[in-house]
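Asker: Turn this into a structure:
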Amino acid sequence: MCRICWFMVLILAVSVSALVYLFVVRGVTVPASDGRTAILLAPAERDLVLTEMRGFLAAVQSITEGVVNEDPAAVAAAARSAGAPAQHSVPASLVGKLPLAFKRLGFDTHGRFDQLALDVGQFGDTSQVLPELVALMNNCVACHAAYRIDLEP
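Answerer: Down below sits the predicted model:
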């Protein structure tokens, strides 16, 4: 009886590991013709991801404008708009399709926007925004160099 139990535990562990790999680590991807990894999404999911990316770009523009105008409140508000609360509208079904490295970049990018908002909000100084913005933009460049969003076949 004990051998059967151990065998069932082993089968369950292998099955769970495979599912975790497929839906948490790998995502729904294929190699793309341009050397990047193509993430395959439904049209509405693709639209959501691209809308979020445009939100990042709009926040960066507003942050830069706030630095030029020496307006720490505007910088903090723009950074906050792209922070972690913005990612709560992403459905779990979409998150399961995204590869782990893409998710890490996305979560880190939201976190960097939050940190920038906190730093500017606390110190009321825009002089340190550009170095933080450079680090944040490195995430954007790395993501766009590694991934593209394609429609599911």
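
Asker: And the residue nearest to residue 107 when sequence neighbours are not counted, how far from residue 35?
Answerer: Nearest residue to residue 107, sequence neighbours excluded (C-beta to C-beta, 6 or more residues apart in numbering): residue 87, at 7.3 Å. Backbone N, C-alpha and C define where each C-beta goes, glycine included. Distance, residue 87 to residue 35, using C-beta to C-beta, to the nearest Å: 28 Å.

Asker: Next, the contact list for the residue nearest to residue 107, please.
Answerer: For residue 87, the contacting residues are 52, 106-107, 110, by C-beta atoms under 8 Å, 6 or more residues apart in numbering.

Asker: So what's the predicted local confidence for the residue nearest to residue 105 when sequence neighbours are not counted?
Answerer: In space, and not counting its chain neighbours, residue 105 is closest to residue 143: 4.8 Å by C-beta to C-beta, 6+ apart. With respect to pLDDT, residue 143 scores 97.

Asker: How about residue 16?
Answerer: 69.

Asker: do the same with residue 90
Answerer: In this prediction, residue 90 has a pLDDT value of 83.

Asker: what's the answer for residue 19, then?
Answerer: 66.

Asker: now residue 50
Answerer: In the prediction, the pLDDT value recorded for residue 50 is 96.

Asker: wait, what's in contact with it?
Answerer: Contacts of residue 50 (C-beta under 8 Å, 6+ apart): residue 149.
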